[in-house]
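Visitor: fold the stuff below for me.
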Amino acid sequence: MISRRFSFRVLRRAKPKRETVRSVAPSDASAKAPVYATVAVGSGNAQRWVAAYSSAARLETRSLVGTLPFLLVLALWAAMAGSEISSSVWNGEYGSTSYPATTLVIDALRQPLALIGMILLVYSGAEMFWRERRFRFASILDTTPVPGAVVIAAKWTALVALVACLIATGIAVGVAIQLAAGHLNLEPLVYLSFACVAGIPLALYAAAAVFVHSLSPNKYAGMVFVLLFLVFAQRASMLGLEHPLWRFASASPVRFTDMNGIAGDIVPFAWFMLFWTAVAALFVLAAAELWRSVGFGVGERVRLLARRTTRTGNSLAAAILVVAIATGGWILFNTNVLNANTTREDVLDWQGDYERTYGQFEDTPQPIITTVDVRLDLFPEERRYRLAGSYTLVNDTPSAIATVLVAVRREASVERVSVEGGDLAATDARFGMYRFELAAPLEAGARTRLD
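Guide: Below is the predicted model of the structure:
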């Protein structure tokens, strides 16, 4: 029987023996040289917050980047990057093969990297933001004295680490392909520039994703809202919002070329990124205040945000807002006042006017170019070139040609254009057109020269 084996008696615990404290008289040496204990303490809230951020960022990064699913995604991305680069290098037009130059590798990586990065931000951003509430740990975390800004900054840092891993993997694949092809001119500074140009917009998208989730009612709604936000940022021009200031994290395009590099395009890109970084900082500050009240409704969260914001937070937000307004105004002045901001509607109007103006010459026979004798001078430091020479024109039609139309790129500065035996009848700077009337019509098979 169990009752026979189990004793129901309550055992009394023996009282602890009292230890006799004996007073020891200090020696003369100890009395003359007392020893003090030194305890290192933090010097204010800033040091404690930095330590908390560092610990949380390491934890969040390990939980996101160090997992097996993410490593499998990296392997898949490496295979995709290798396929894209190989296709660009060894499967060119008409079966041609190109040298795996760094600029060619970068052009092949840019679009798929942006696509994979945004897909991962949609999914990983949701997992990262809602992890504590998924495991019902948020209430415990709310009781800690750690500010919401530390938690949000740690989550954003983990997402940036994810983006950095994607970029580093793509660059490593590109370098491996270059070395395998015997191309030793790797240009590390160009790769570093590409990492900045491709990584900064994705890092800003990560900040926006955290802010969108802070306003979302749940994880899956947040994923949908982040996806819609990214689609709008990429395709807002289809709705008529073509100016880069309408599209989050957008900027003027940065072109990588072996002759010009990126020096001419990086300055406007930097101005745009400074503006969007200020906007993203405001997103992060708002998300930090909203993070602890995610379970409430959107209206209640906004009211809590207005009540919780401290004087320091208001001052910081005001300073960031001033930076955003100043940089945005400078960008708007440069793009719309100092330079011509051409929209899609402007291009369509130009094309329509061109067709109405020169549609009458659609059936007018024109000579063809058979010989090209030109001298091309390149000025890489000045980002320009100079072209001079002549074309041999031949009338390969059965009809005589009395009018010759010459089209020149509108951004070119023309010093001289002439046709042998012809007079310049009209110049149209808007369309870059020159109309020459020949003194003697060009008969079938005859030739002339365009200088």
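
Visitor: average pLDDT across stretch 280-290?
Guide: Per-region confidence: stretch 280-290 scores 90 on mean pLDDT.

Visitor: now do stretch 65-78
Guide: Mean predicted lDDT for stretch 65-78 stands at 91.

Visitor: again with stretch 392-409
Guide: Averaging pLDDT along stretch 392-409 gives 92.

Visitor: end-to-end on that stretch?
Guide: End-to-end span of stretch 392-409 (CA to CA, to the nearest Å): 20 Å.

Visitor: again with stretch 56-73
Guide: The first and final residues of stretch 56-73 sit 24 Å from each other (CA to CA).

Visitor: give me the contact list for that stretch.
Guide: 120, 124, 127-128, 131, 146, 150-151, 153-155, 157-159, 161-162, 165 (CB atoms under 8 Å, 6 or more residues apart in numbering). Every C-beta, even on glycine, is put in place using the N, C-alpha and C of the backbone.

Visitor: whichever of the residues you listed end up buried, select them in PyMOL.
Guide: Here the buried members of those are turned into a PyMOL selection, burial being counted by 16 or more other CB atoms under 10 Å:
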select buried, resi 120+124+128+131+146+150+151+153+154+155+157+158+159+161+162+165
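
Visitor: just the ones of the contacts of stretch 56-73 in helices?
Guide: Using DSSP state H to define helices, the subset of these located there is 120, 124, 127-128, 131, 150-151, 153-155, 157-159, 161-162, 165.

Visitor: and which of those is nearest to residue 323?
Guide: The shortest distance between residue 323 and any of those, using CB to CB, involves residue 153 and amounts to 18.6 Å.

Visitor: and the strands in this protein?
Guide: Counting by DSSP state E, the chain has these strands, from start to end: 368-379, 384-394, 401-407, 422-428, 433-442, 447-450.

Visitor: how about those in JSON lines, adding mean neighbour count and distance to residue 351?
Guide: Supplementary listing: those in JSON lines, determined by neighbours: other CB atoms under 10 Å; distance: least, CB to CB, whole Å:
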{"stretch": "strand 368-379", "mean neighbour count": "10", "distance to residue 351": "24"}
{"stretch": "strand 384-394", "mean neighbour count": "14", "distance to residue 351": "26"}
{"stretch": "strand 401-407", "mean neighbour count": "16", "distance to residue 351": "14"}
{"stretch": "strand 422-428", "mean neighbour count": "13", "distance to residue 351": "15"}
{"stretch": "strand 433-442", "mean neighbour count": "17", "distance to residue 351": "14"}
{"stretch": "strand 447-450", "mean neighbour count": "17", "distance to residue 351": "25"}
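
Visitor: mind picking out the helix or strand in this structure with the poorest mean pLDDT?
Guide: Counting by mean pLDDT, DSSP states H and E, the chain has its least confident helix or strand at helix 28-32, which shows a mean of 46.

Visitor: what residue lies at the spatial centre of this structure?
Guide: For the chain, the residue sitting closest to the mean C-alpha position, by CA atoms, centre = their mean, is residue 201 at 2.2 Å.

Visitor: just confirm it contacts residue 249, I think it does.
Guide: Yes: taking contact to mean CB atoms under 8 Å, the distance of 4.2 Å between residue 201 and residue 249 places them in contact.

Visitor: what sits in contact with each of the two?
Guide: By the contact definition CB under 8 Å, 6+ apart, residue 201 and residue 249 are jointly contacted by residue 276.

Visitor: any weak-confidence spans in the protein?
Guide: Low-confidence regions of the chain, defined here as pLDDT under 70, cover residues 1-45, 259-261, 263-264, 293-313.

Visitor: run through the helices of it in chain order.
Guide: Applying DSSP H to the chain gives helices spanning 2-5, 28-32, 45-65, 68-90, 102-129, 131-134, 138-142, 148-180, 188-214, 219-235, 263-290, 298-308, 311-333, 344-358.

Visitor: would CSV of those with distance to residue 439 be doable?
Guide: CSV is the format used below for the helices of the chain (distance: least, CB to CB, whole Å):
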stretch, distance to residue 439
helix 2-5, 126
helix 28-32, 120
helix 45-65, 75
helix 68-90, 51
helix 102-129, 48
helix 131-134, 82
helix 138-142, 87
helix 148-180, 58
helix 188-214, 54
helix 219-235, 54
helix 263-290, 44
helix 298-308, 77
helix 311-333, 51
helix 344-358, 23
